[in-house]
Structure formats: C-alpha cells, structure tokens
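# Need the 3D shape of this:
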Amino acid sequence: MFGDDIPRGKALQAYQVEFPRFELYSKALRELATKLCDLRGIKFQTIEARAKDVASLEGKLERHPGYQRLSDAEDLCGVRVVTFYLDDVTLVRDMIREEFDILKEESRRADAPDAFGYQSLHIIARLSEDRRRLSEYQEFADFRVEFQVRTVLQHAWGVISHALDYKNEKAIPAVVRRKLFRLAALLETGDELFGAFRAEVETLRASYAHQVNVEEWRELPLNFDSVQASWQKMPLPEVSQVAGAAGFADDEESPNHDDQRFRQSLNSLVSLATTAGLTTVGALADLMASLSEQSERLSALVREIRANGLIPVGDPCDVIALSMLLRDPELRVHGTILFQHEIEDALDATLHQVGP
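Residues are numbered from 1 along each chain as shown. This next block holds a predicted model:
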C-alpha cells in the first residue's frame, strides 16, 4: 500500500510529489460514488471528495507523534457521502462493502447517553481487486480512501461543532455542556423521526396507488401525493385542448413524476387549489373539466403575455392555476403561487380589461 515504505521524516516530501495523483484519485472516486449511488437508487444530499493538502498532513503529523510511516495517515484521500435518512447510511455502507476492499470500519456515533459528539460512519478502504485491474484505476491501485457517511443532521452537527472548536467533551465549558448534549439528542431524535416520516409517506403513497387502481381516486383527500397518484386519471386532454385553443405553446415534455419541474408545478397547483377551498381530488378534476369556461380569459391572458415578449408554454399545472387566478383574483393575495414577471404583469392587465 502507498506509504508503507515511506518513513515519517520523508512523508511530507513524498506526499507533495504524489499530491496531483491524489487529486485525480479524489475526482475519480467522487464520480464513481455518485454513479454507484445512482445505480442503486440511493438518494443523497451531497457527495464530496478531496485530497488532503500538504499543510493539513503536516499538522496531522504534528498532532500524532506516534505515526512512523506516511501510510499511518489513512485519510490522504477522503470521500463524504451525506444522505437524507439514517436508513440510507446503511445502504451506502453496504454499497461500499460490495464495491471496495474494506480495511477498517468505525462508527463514531456515540452510544453512551452522555457522550460528546454526534458524528458518522468512517470506513477505510481501497479499490476492489477487479476495479484495480481496470486501466482507468490502475494508477490508484495502492491508494487508500477514507469514506465518511452521515445524514444531513449529523453533518450539521459536525459542521457546527467544528465551528465552535470543541473537539472533545473536556473542552466544553460546564455551564453550556448540558445544552450541547441536549442538542445532540434532539438531532438524533430528528433523524429517527425523519425515518419514521418517510416510512409513513411511502405507506400512504402505496395506499393512494391502490385506491386509484380500484376507482376510488375521486374521493381521495386533496394533497400532493394523492394528486400525483391520480394524475393520469385526471382530464388532462381537456386541459391540453383549452390551452392550445388559447394560444399556449405545446408542452413537449411528458410529465415525469420524478422530474423536479413537474413536482414543483404540481405542488404549487395543489397549494392554490387547497387555498381555493377544494378538498378532494375529484373536486380538482371537475375544475379541470370545466376549464373551457375560462377560454376567453385565457386567450386574453396569452395575448398579453406574448405582448410582454414571452411565449407561454402550456404546462397543465400552470394553465389550471392561471385559470383559477382569472376566476378568483383574490387567490393571488391568499395563495402562494408566483409566475414570471411577464405573466404576473399580463394577469394584472387581463383582469383590468375583463374584470373579476
């Protein structure tokens, strides 16, 4: 392994020579970790990788006089994976075990109720034997990597506690120690509750999917998940027809439930519909089916938008929301939906022309 034969006295000089390779290694690992998570459907907040700079290594050697060889510093290359949920930490750990050769594994999440810190899982590894044979990884075959896997809340604790400069329990002033322990406990509870929340949401979504399949979708309570589950049951052709007749440009992208743009548009629509007093998915479907009642106003709105230099796209969620705002201008005051300024100005002009 790299550094096994480099004595402490020559460690900095040797690492400085190899530092560019470690930078390349960290970039390759970040891309590899991202690809592996995507292939397994593991959602993450961030994946970061870095090669330890020479000054950091010098400081580490000063803090650890017992290090005899360069290889004693096991974190010359580091990868941090920040997940949303505790369960995903386990999934990432299993992924690393499957895809890398594990040299050491350590959980730094303290078990003692009064222990300081709320940290993460650390794994020292190297590329698997099969991957080391690949041409793109051969030059990194002898390099180690330290993986750090933590949740968003664990990461928040790490960042904040680092900023406070408290590295261990004894360094904390006694007068604030209890409050810091309480904060660590709250973050741990938060991680557990987020996990329970996700499980409940997934159960609820499965229930909605079942009800949609057995034709009970109209009675579902109005919320983002119920509308998303019922979306293909809604009168979307009618909405598209009204939008085309009004002059909206074709929305060439088919709605993908995992697409961020669609999810944002649907969230805004559901929020506006709820503000308008709709309570069931069926009520929203009925409103969509009656969209032709707003054809004249929608056409006037499109003319104003185009006069402002923008060609509006007939995104179904946006078209429905705009028709609701034309029907009831008070929703612009009480609702939370905002459009591009060209559309907002056109709404003002259209409502002034035709009245509420």
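
# which element is the closest residue to residue 153 other than its chain neighbours on?
Closest residue to residue 153 in three dimensions, ignoring its sequence neighbours and counting by Cβ to Cβ, 6 or more residues apart in numbering: residue 187, at 4.7 Å. Glycine gets a C-beta too; all of them are placed from N, C-alpha and C. Assigned by DSSP states H and E, residue 187 belongs to helix 174-213.

# can you pull the pLDDT of the nearest residue to residue 152 once chain neighbours are set aside?
What sits nearest to residue 152 in space, not counting adjacent residues and going by Cβ to Cβ, 6+ apart, is residue 45, at 5.3 Å. Predicted confidence (pLDDT) for residue 45: 95.

# My read is that residue 45 contacts residue 83, right?
Yes: under the criterion of Cβ atoms under 8 Å, residue 45 makes contact with residue 83 at 6.6 Å.

# shared neighbours of those two, which are they?
Each of residue 152 lies in contact with both residue 45 and residue 83 under the rule Cβ atoms under 8 Å, 6 or more residues apart in numbering.

# which SS state does residue 245 fall under?
With DSSP: H, G, I helix; E, B strand; the rest coil as the basis, residue 245 sits in helix.

# neighbours around the closest residue to it other than its chain neighbours, how many?
Leaving aside its sequence neighbours, residue 245 sits nearest to residue 295 (Cβ to Cβ, 6+ apart; 6.2 Å). Look at residue 295: counted by other Cβ atoms under 10 Å, it has 15 neighbours.

# picking up where we left off before, more neighbours: residue 45 and residue 83, which one.
Using other Cβ under 10 Å as the criterion, residue 45 and residue 83 rank with residue 83 on top: 24 against 13.

# measure that one to residue 42 for me?
Applying Cβ to Cβ, to the nearest Å, the value for residue 83 to residue 42 is 7 Å.

# Show me whatever sits in contact with both of those two.
91, 92.

# Over the helix or strand hosting residue 130, what's the mean pLDDT, rounded is fine.
Per DSSP H and E, residue 130 falls inside helix 129-132. Per-residue pLDDT over helix 129-132 has a mean of 95.

# again with stretch 22-38
Averaged across stretch 22-38, the pLDDT comes to 97.

# Tell me which strands the helix or strand just after the helix holding residue 130 pairs with, and in which orientation.
Scanning forward in sequence from helix 129-132 by DSSP H and E, the next helix or strand is strand 144-151. Paired strands of strand 144-151, with direction, are strand 77-83 (parallel), strand 121-127 (antiparallel) (DSSP bridges).

# from the chain's centre, how far out does strand 144-151 sit?
Relative to its chain's centre, strand 144-151 lies at 18 Å (Cα atoms, centre = their mean, to the nearest Å).

# and the residue nearest to residue 37 when sequence neighbours are not counted, what are its phi and psi?
The shortest distance from residue 37 to any non-neighbouring residue, by Cβ to Cβ, 6+ apart, is to residue 44 (5.6 Å). With angles defined as degrees, to the nearest 10, residue 44 sits at phi -140, psi 160.

# From residue 128, how far out is residue 44?
21 Å.

# cool, residue 342 as well?
Residue 342 is 54 Å from residue 128, where distance means Cβ to Cβ.

# Next: residue 25.
15 Å.

# So these two - more neighbours on which side?
For residue 25 versus residue 128, neighbours defined as other Cβ under 10 Å are more numerous around residue 25 (23 against 15).

# what's the more buried one in contact with, if anything?
Residue 25 touches 51, 77, 140, 143, 145, counting by Cβ under 8 Å, 6+ apart.

# Apply the buried test to these and list what passes.
Among the contacts of residue 25, the ones that count as buried by 16 or more other Cβ atoms under 10 Å are 51, 77, 140, 143, 145.

# and the second one, how far is that from residue 353?
Taking Cβ to Cβ as the criterion, residue 77 is separated from residue 353 by 64 Å.

# just the fourth one next, same as before
Noted for residue 143: a distance of 69 Å to residue 353, by Cβ to Cβ.

# what's the answer for the third one, then?
Here the distance between residue 140 and residue 353 works out to 67 Å (Cβ to Cβ).
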